[in-house]
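A.B. asks: take this sequence and fold it.
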Amino acid sequence: MKHPLSLYKYGFSPNGITLGIIGGGQLGKMIGIEAKRMSMNLAYLDPDMNCPASTLADQMIVSDFKDEKSILELAEKVDVLTYEIELANSSVLKDLESRGHLIHPASGVLNTIQNKLRQKKFLKAKGIPVPAFEEVTSVEQVKKICKEFGYPSVLKASEDSYDGRGNFIVRSASDVERGIKYFEGRRCMIEKYIHFTKEISVMVSRNTRGQIVSFPVVQNIHTNSILDTTIVPSGENKRVESNAKSIAEKVVKSLRGVGIFGIEMFLKDNKIMINEIAPRPHNSGHYSIEACSVSQFEQHIRAILGLPLVEPRLLSPVVMMNILGIPDYSGEYSFKGIEKALSVPGLKLHFYGKRITKPQRKLGHFTVTAERIEEALTRARRVKKLLTIGKRSGN
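C.D. replies: Numbers count the residues shown, from 1 in each chain. Here you go, the predicted model:
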């Protein structure tokens, strides 16, 4: 197995590098688009043969993200292996690393992050600010902790959860037993609810040489625990933004992570606490495709190949909004209002190519750039009204 630097030491040959990606969703697709721009080969592992990234794949392994045999097969086909989803099997990746395979971010980083309790314990041990939390051991223990934390508190599944699907808000003592039952059979943690002023995040990249750079600080607005809108610039003062970047970079340095990382934070009274870490490109970094001098996806590829990172410059104020599946419907779908939406200045549409919609499923996103953030917000809200999801004709 080759070292990343040796892949282009004597020149960068077309189709000379094969990048392996566990996960063929929208993030894997957008990583792939950047890789194809540099003429790399792509090998994916995903349970859906028609996943969004399948149209880019030179090789496709259809299998569960955790299947040992399939991950081993993928690793043998590629020069560098990465992932777009935390459900990858960190134990198998660790074994591959011991055999000399290049995996970024490393298996140990994934193992720390994919368990929320382990992630919070790691951050706390490194002196990085996080909300108060405890591991769940019994109903009575949770009731006692909730009295200390106050209501509401947040009950979280430690593993296999995203977009708020692993969260249960405990609003009173009577909710505790319902919450424990909701997560029956799963390890959980209880966390103090933060009445934040604003949710912010920072994309941070670190390459194999230890070089580290940050993207602009962004403001995020969530609805039902799913990201709805990202606003850049964040609107915060320089001191808060500098502190946010400093904390985010400390997280990635502490992990010794290689790749791009999404660091989600709570801001309250100008104080910052880490909410969660994503060891991959992140929804709140999509704006970088149109609005930065380098995208989070290109920066990720640079990082895992040991190439120099560039300091991202914000080229324009920008708003990103997700396009989500409609409530109470699963099935084939179509986008409505595209022609009118495209008449809005500064709009860029991204459709992921998912064949089936489900309630609140991420089907795409759009960005709107403008000279002023207020103008971008106004235009983005207009697009959101114009662009809708409908049942496909005949369904």
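A.B. asks: contacting residues around the most centrally placed residue in the chain?
C.D. replies: The chain has His282 as the residue nearest its centroid, 2.8 Å off, counting by CA atoms, centre = their mean. Residues near His282 by CB atoms under 8 Å, 6 or more residues apart in numbering: 201, 203, 260-262, 264, 296. Placement of C-beta: from N, CA and C, glycine included.
A.B. asks: swap in Ala35?
C.D. replies: By CB under 8 Å, 6+ apart, the contact list for Ala35 reads 19, 42, 301.
A.B. asks: which ones among these map onto helices?
C.D. replies: Of the positions in those, Ile301 sit in helices, assigned by DSSP state H.
A.B. asks: out of the contacts of Ala35, which are buried?
C.D. replies: Buried subset of those (neighbour count, 16 or more other CB atoms under 10 Å): 19, 42, 301.
A.B. asks: so the second one makes contact with Ala57?
C.D. replies: Yes - here Leu42 reaches Ala57: they are 5.5 Å apart, a contact under CB atoms under 8 Å.
A.B. asks: hey, what's in contact with both of those two?
C.D. replies: Counting by CB under 8 Å, 6+ apart, the common neighbours of Leu42 and Ala57 are Gly32.
A.B. asks: how far off centre is stretch 197-213?
C.D. replies: 12 Å (CA atoms, centre = their mean, to the nearest Å).
A.B. asks: show the average pLDDT along it.
C.D. replies: Taken as a whole, stretch 197-213 carries a mean pLDDT of 97.
A.B. asks: with stretch 110-122 instead?
C.D. replies: The average pLDDT within stretch 110-122 is 97.
A.B. asks: tell me which element Ser91 falls in.
C.D. replies: Here Ser91 is covered by helix 90-98, with elements defined by DSSP states H and E.
A.B. asks: likewise for His365?
C.D. replies: According to DSSP H and E, His365 maps onto strand 362-369.
A.B. asks: paired strands for that strand, with orientation please.
C.D. replies: Strand pairing for strand 362-369, using DSSP bridges, gives strand 318-324 (antiparallel), strand 347-351 (antiparallel).
A.B. asks: and the last one, what's buried?
C.D. replies: What it means is strand 347-351. In terms of neighbour count (16+ other CB under 10 Å), strand 347-351 has its buried residues at 347-348, 350.
A.B. asks: before we move on, back to that, of the buried ones among the contacts of Ala35, closest to Lys358?
C.D. replies: Leu42 (26.1 Å; CB to CB).
A.B. asks: in stretch 135-151, what's buried?
C.D. replies: Under 16+ other CB under 10 Å, the buried positions of stretch 135-151 are 136, 142-143, 145-146, 149.
A.B. asks: got it, and stretch 151-159?
C.D. replies: Counting neighbours by 16+ other CB under 10 Å, one finds that the buried residues in stretch 151-159 are 153-159.
A.B. asks: cool, stretch 185-192 as well?
C.D. replies: By 16+ other CB under 10 Å, the buried positions in stretch 185-192 come out as 188-192.
A.B. asks: among those, which are in helices?
C.D. replies: Among the buried residues of stretch 185-192, no member falls in helices (DSSP H).
A.B. asks: out of these, which sit inside strands?
C.D. replies: When DSSP state E is applied, the buried residues of stretch 185-192 are split such that 188-192 fall in strands.
A.B. asks: in TSV, list those along with pLDDT.
C.D. replies: Converted to TSV, these look like this (pLDDT from 0 to 100):
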residue	pLDDT
Cys188	95
Met189	96
Ile190	97
Glu191	97
Lys192	97
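A.B. asks: with distance to Leu324 added, can I get the residues you listed in JSON lines?
C.D. replies: As requested, these are exported to JSON lines (distance: CB to CB, whole Å):
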{"residue": "Cys188", "distance to Leu324": "27"}
{"residue": "Met189", "distance to Leu324": "27"}
{"residue": "Ile190", "distance to Leu324": "29"}
{"residue": "Glu191", "distance to Leu324": "25"}
{"residue": "Lys192", "distance to Leu324": "29"}
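A.B. asks: domains in the protein, by residue range?
C.D. replies: What automatic domain parsing lists as the domains of the chain is 4-103, 132-192, 198-391.
A.B. asks: now the angle from the helix or strand where Ala35 lies to strand 362-369?
C.D. replies: Assigned by DSSP H and E, Ala35 belongs to helix 26-37. Relative orientation of helix 26-37 and strand 362-369, computed by axes from the mean of the first three to the mean of the last three CA atoms, to 10 degrees: 60 degrees.
A.B. asks: what mean pLDDT does helix 26-37 have?
C.D. replies: For helix 26-37, the mean per-residue pLDDT is 97.
A.B. asks: tell me which residues in that helix are buried?
C.D. replies: Buried residues in helix 26-37 (16+ other CB under 10 Å): 26-35.
A.B. asks: which among the residues you listed gets closest to Thr223?
C.D. replies: When the buried residues of helix 26-37 are compared against Thr223 (criterion: CB to CB), the nearest one is Gln26, at 18.8 Å.
A.B. asks: model confidence score at the closest residue in space to that closest one that isn't next to it in sequence, please.
C.D. replies: Nearest non-adjacent residue to Gln26, counting by CB to CB, 6 or more residues apart in numbering: Tyr352, 4.1 Å away. With respect to pLDDT, Tyr352 scores 98.
A.B. asks: can you pull the contacts of Tyr352?
C.D. replies: Counting by CB under 8 Å, 6+ apart, Tyr352 makes contact with 25-26, 29, 52, 362-364.
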